[in-house]
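Q: Based on what follows, work out the 3D shape:
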Amino acid sequence: MHTKEINLEVSNSLQVLETGGTLLYPCDTIWGIGCDATNPIAVERIFRLKRRSESKSLIILLDHFDKLANYITHVPSITYDLTNQVDEPLTIVYDGAKNLASNVIAADGTIAIRIIKHEFCQSLIRRFGKPIVSTSANLSTEPPPALFSQVSDSIKKGVNYIVNLQQSNINRTKPSKIIRLYSNGNYNIIRE
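A: Below is the predicted model of the structure:
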């Protein structure tokens, strides 16, 4: 990806996020649908677009480990090692979500967070100053698309903006690994 292209797409995406809109964007896993994770109306739009029950939780993305404490009440000491020693994308479910839209937080007060290592997403989140939602770009009854070309027309028409990066990539990707991390540092794998 070229810096000029990334900067243009980040600027376009920022305008959408700041007005409560939704994005279709590439990241370090599969194509995602996103919005401002602190805006409950924007989060509701994502649930409606995916035809997904609000009882199902969503993942949020952050650009840096240091920002975790802004969105969870306690950052277990093992977190840094987990996020930096794993080569593949890793989503961690934490207790004590805070400062987020209530409808992005699971009923038990947990939140799934991934520290993103994707140039466009890092730049977007850094400039936006808040986390963004990341959920697979599919209706809840369909499989997640591995390629942009597999994203359904209903999703493409339902978002406010489609990021014009990596659309012609042919490398198949997969969702992130998910682990549940408890306050005491213990964890279990939810999805490999």
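Q: Do a quick rundown of the helices in this protein.
A: Taking DSSP state H, the helices of the chain run over residues 3-18, 40-50, 79-85, 119-128, 153-158.
Q: Out of these, flag the one nearest W31.
A: Set against W31 and scored by CB to CB, these come closest in helix 153-158, at 8.8 Å. For glycine as for every other residue, the C-beta is placed from the backbone atoms N, C-alpha and C.
Q: that older thread, as JSON lines, the helices of the chain with distance to Y182 and mean pLDDT would be great.
A: JSON lines is the format used below for the helices of the chain (distance: least, CB to CB, whole Å; pLDDT from 0 to 100):
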{"stretch": "helix 3-18", "distance to Y182": "32", "mean pLDDT": "94"}
{"stretch": "helix 40-50", "distance to Y182": "25", "mean pLDDT": "95"}
{"stretch": "helix 79-85", "distance to Y182": "11", "mean pLDDT": "81"}
{"stretch": "helix 119-128", "distance to Y182": "26", "mean pLDDT": "95"}
{"stretch": "helix 153-158", "distance to Y182": "34", "mean pLDDT": "95"}
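Q: Out of the ones you listed, flag the one nearest L181.
A: helix 79-85 (6.7 Å).
Q: Touching that closest one from outside, list them.
A: F65, L68, L90, I92, I115, I179, L181, Y187 (CB atoms under 8 Å, 6 or more residues apart in numbering).
Q: Out of these, which comes closest to P76?
A: Closest to P76 out of those is L181 (5.7 Å), distances taken as CB to CB.
Q: Just the pLDDT at the residue lying closest to that closest one once chain neighbours are set aside, thanks.
A: Excluding the flanking residues, the one nearest L181 by CB to CB, 6 or more residues apart in numbering is Y187, at 4.5 Å. At Y187, the predicted lDDT confidence score is 84.
Q: looking at the contacts of helix 79-85, which has the most residues close by?
A: Most neighbours among the contacts of helix 79-85, by other CB atoms under 10 Å: I92, with 26 neighbours.
Q: For this structure, list the residue farthest from the centre, please.
A: N184 (25.2 Å; CA atoms, centre = their mean).
Q: contacting residues around the residue nearest to L181?
A: Residues in contact with Y187 (CB under 8 Å, 6+ apart) are I78, L82, I92, I179, R180, L181.
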